[in-house]
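Student: Test case, fold it:
(one chain, ligands or ions: 3)
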Amino acid sequence: MENPEESVLTRSIVRVALDTPLRRLFDYLPARDSVHAPQPGVRVRVPFGKQRLVGVVQSLAASSDLPIEKLKPLLEVLDEEPVFDPGVMELLEFASHYYHHPLGEVMSAALPKLAREGAPARARVERWYATEAGLAALAGDELKRARKQRALLEALRDEPGLSGDALAEKFDDWRTPMRALVARDFTSSAEAPVVSATPEQPLLRGTGPALSPEQASAVTAIDGAAGRFAPFLLHGITGSGKTEVYLHAVEHALRRARRALVLVPEIGLTPQLVGRFRERFGVPVAVLHSGLTDAERLAAWRECVSGSARIVLGTRSAVFAPVADLGIVIVDEEHDASFKQHESGFRYSARDLAVLRAQRAQVPIVLGSATPALESLQNVAAGKFTRLSLPRRAGQALPPRAAVIDLREHAVRAGIATPAVEAMQRHLSSDGQVLVYINRRGYSPTLACTACGWIAPCRDCDARLTVHLAAQRLRCHHCGADAPLPAKCPQCGYAVRHVGQGTERVEETLAALFPDKPIARLDRDVVRKRGDLESVVSRVASGEARILVGTQMVTKGHDFPNVTLVVVLNADQGLFSTDFRAPERVAQTVVQVAGRAGRGEKPGEVLIQTEYPEHPLLRSLLEEGYDGFARTALEERAAAGWPPFAHVVALRASATTLEAATSFLRAARGLFRSPRGLKLLGPAPAAMARRAGRYHAQLLLEAGERAPLHRALDAWLPQVESLKTPRDLRWSLDVDPLDLF
Ligand code: ADP
Ligand code: ZN
Ligand code: ZN
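Tutor: Ligands and ions are numbered 1, 2, ... in the order given. Got it, this is the predicted structure:
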């Protein structure tokens with residue numbers, strides 16, 4: 001056995017993960033005046049070239065590849081306690097390997113911005129004290145003439161450790177006399193952690209409805225797995241009471257003095273869900289999402305670090321939140337694409353990492369959805385996940401009836417077919433609310449000339465500009481280009497017309513059809529700042545708005561008990577996409593939006609407008625529901641060798657010419673030593689090759705087995721990195737990509 005004391009002393013090289021694109025760690029010596037080397041998981045400030053960077057200690061080592069005299073000492077150790085406990089450290093290292101991304105960048109993605117810059121992990125205040133000399137001066141008459149200094153010193157004598165805030169309450173100006181006192185060594189200050197004086201809270205503040213037998217057996221199964229890793233897929237139709245199951249599972253974990261981590265999709269973190277947790281539990285709940293300011297994010301993260309938060313509720317990156325004594329992990333709407341970071345930097349799936357985190361922590365995890373990802377259903381089929389079903393709606397609600405409207409057979413006004421209008425009339429006049437879903441925002445997706453055939457294109461993308469009529473703008477939804485709306489064709493001077501519909505136009509049409517029914521709209525143009533979403537949701541929830549028109553945003557998380565009719569205006573986009581995941585997404589959206597109907601006591605009705613009523617996907621969905629669809633879709637995936645029956649990695653590149661992007665990918669392909677059973681597809685231009693003035697292409701790697709694929713990537717990536725590339729070329733690796741564009 002080694003002596004632990006000694007091993008710390010001998011292993012005095014500090015390996016630090018730094019936020020740089022280099023796939024390596026950096027060695028440092030302990031800070032000059034330090035007694036011990038810092039523990040793994042602690043943040044440190046280090047010299048790096050001419051910069052000073054904040055990094056995280058990954059490990060301590062006995063030796064370095066560099067000669068010791070070349071190593072520089074740490075400048076500062078920022079934390080007394082690790083900000084990443086060993087469990088989270090392991091998760092981060094796993095993520096770095098699995099996603100082939102530098103550990104330093106992975107760690108930096110796991111920290112709020114201010115923490116990344118070195119902000120203290122625990123809230124601190126400066127406290128003031130009188131020194132011995134100060135007390136002696138008070139006793140003497142040294143300060144007789146300095147009235148303000150004297151008063152300040154007396155206050156500190158009577159109440160040592162007053163904070164700046166406390167002093168500000170007692171004195172108009174305390175800083176000036178304090179400066180004088182400090183200069184004379186009569187006072188000193190020290191930073192101390194804030195001790196929150198929150199009184200002991202009751203665990204439960206409210207109670208929920210009595211659980212249905214299905215809910216109760218789900219809760220029993222989850223609770224029975226306490227203390228070990230057990231992944232559950234909670235498959236329950238919308239309104240079946242999944243949230244109620246989460247609340248009970250969390251309660252059981254809290255009773256065992258554990259903490260809960262609850263992940264929700266970006267848009268699913270509705271005030272309603274947060275409200276339900278806060279209404280149910282008396283213990284502190286920390287909420288982490290991207291809508292917070294940097295300071296708020298830091299504050300929420302600090303509640304996690306200090307352990308004061310017993311429940312941590314957050315979006316994607318909250319999977320890395322420092323939650324000690326974890327007792328349960330929950331991922332709500334586990335199929336949601338926002339759990340995958342795919343845009344920039346470190347691309348990871350928070351859902352998949354959550355499963356791993358639960359495994360490391362040996363706790364149960366509940367993945368909940370009305371429309372589980374095909375991957376998750378396959379995990380159930382393979383015996384890896386246990387399925388818990390909530391087949392019925394909670395309370396009184398009945399499942400909605402669904403039907404298609406064949407757009408080829410009916411008169412259509414501005415995208416809405418006559419039978420849909422009639423149904424709306426019926427539901428509105430019997431006091432129901434109506435939800436109209438369309439997956440496009442703006443007024444119309446196309447502006448066209450009535451004479452010469454000109455169509456307003458985006459200058460920088462292979463896309464058309466969308467008309468935003470109220471704002472009188474033409475906007476590109478891919479690159480953000482924004483121009484005034486022309487009144488005439490810029491090419492020939494004739495009149496222009498708006499072709500097709502978006503939410504704005506549907507709202508206008510509905511206002512003309514139902515002039516006395518207030519309408520609410522929900523899309524990204526309406527929800528621009530904080531509070532916008534809440535105000536639309538509350539207009540609908542209160543019943544003030546009778547019709548709600550919206551995009552994807554309406555499909556998530558809201559409970560509108562009075563919506564009795566849902567109309568899906570165009571299910572057709574996506575039925576014919578080149579992306580193998582497109583059908584899954586259409587099915588999920590249709591089922592999710594349909595689930596908004598009839599959540600209360602009245603039965604719901606769902607109408608889906610389509611030009612392809614015979615499409616096999618729509619048919620399986622309507623005839624057999626999501627399960628039937630999923631069965632068909634999984635069979636197709638198995639036959640075609642797509643995930644979850646294969647593992648896919650995309651190498652993507654973009655440049656100012658298509659040739660530069662593809663020739664890089666071709667060179668990369670040339671370097672790949674392909675093990676048996678591995679397929680390379682491409683390089684091929686992306687479906688929308690030109691976006692924001694850059695051309696995108698991709699190379700796909702596909703393998704039946706994960707391990708050989710990852711080994712091949714380990715050998716390949718350093719070579720790809722050393723390829724000479726034009727300056728404008730950017731590339732990235734996406735493991736388990738969600739979009740194959
Ligand atoms: P989901 O998360 O599956 O959409 P929720 O948990 O939000 O479902 O439940 C839908 C509605 O049914 C909520 O208003 C909830 O309070 C109610 N509910 C849930 N479980 C029960 C139950 N066992 N008895 C009565 N009402 C319930
Ligand atoms: Zn024209
Ligand atoms: Zn554009």
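Student: In the stretch 201-350 of the chain, what residue comes closest to ligand 2?
Tutor: Taking CB to the ion, ligand 2 has its nearest neighbour within the stretch 201-350 of the chain at E343, 36.6 Å off. (Glycine included, C-beta is placed from N, CA and C.)
Student: ok, how many other residues are close to that residue?
Tutor: Here the number of neighbours of E343 (other CB atoms under 10 Å) works out to 7.
Student: Equivalent analysis for T632, please.
Tutor: By other CB under 10 Å, 18 other residues sit near T632.
Student: Can you verify it is assigned to a strand?
Tutor: No: looking at T632 with DSSP: H, G, I helix; E, B strand; the rest coil, it is helix, so not inside a strand.
Student: I'd like the distance between the residue most central in space within the chain and L353.
Tutor: Nearest to the mean C-alpha position of the chain, by CA atoms, centre = their mean, lies R316 at 3.0 Å. As judged by CB to CB, to the nearest Å, R316 and L353 stand 9 Å apart.
Student: repeat for L533
Tutor: Using CB to CB, L533 is found at 27 Å from L353.
Student: so who does H97 touch?
Tutor: Counting by CB atoms under 8 Å, 6 or more residues apart in numbering, H97 touches H710.
Student: per-residue confidence at it?
Tutor: Note on H97: pLDDT of 94.
Student: For this structure, identify the residue most remote from the centre.
Tutor: D141 (62.9 Å).
Student: Just say helix, strand or coil for the residue of the stretch 201-350 of the chain closest to ligand 2.
Tutor: Under three-state DSSP, E343 falls in the coil class.
Student: now the residue of the stretch 301-450 of the chain found nearest ligand 2, nearest residue through space, not along the chain?
Tutor: Closest to ligand 2 within the stretch 301-450 of the chain is C449: 3.0 Å, counting by CB to the ion. Leaving aside its chain neighbours, C449 sits nearest to C489 (3.8 Å; criterion: CB to CB, 6 or more residues apart in numbering).
Student: from memory the one you found sits against I455, does it?
Tutor: No: using CB atoms under 8 Å, C489 is not in contact with I455; the gap is 10.0 Å.
Student: ok, these two, which is more surrounded?
Tutor: For C489 versus I455, neighbours defined as other CB under 10 Å are more numerous around C489 (21 against 13).
Student: per-residue pLDDT, the residue nearest to the centre of the chain?
Tutor: On pLDDT, R316 comes in at 93.
Student: check contacts around it.
Tutor: Residues in contact with R316 (CB under 8 Å, 6+ apart) are 263, 266, 338-339, 341, 350.
Student: That one and D728: what is the separation?
Tutor: Going from R316 to D728 by CB to CB gives 30 Å.
Student: Buried residues, the longest strand along the chain. List them.
Tutor: The longest strand of the chain (DSSP state E) is strand 678-691. By neighbour count on 16 or more other CB atoms under 10 Å, the buried set for strand 678-691 is 678, 682-683, 685-686, 689-691.
Student: The residues you listed: which two are farthest apart?
Tutor: Using CB to CB, the two most remote members of the buried residues of strand 678-691 are L678 and R690, lying 30.2 Å apart.
Student: Quick check on R528: phi, psi?
Tutor: R528 adopts backbone torsions of phi -110, psi -30, taken as degrees, to the nearest 10.
Student: Tell me which helix or strand the nearest residue to S59 once chain neighbours are set aside sits in.
Tutor: Setting aside the residues directly before and after it, S59 is nearest to R15 in space (CB to CB, 6+ apart), at 4.8 Å. Using DSSP states H and E, R15 sits within strand 13-18.
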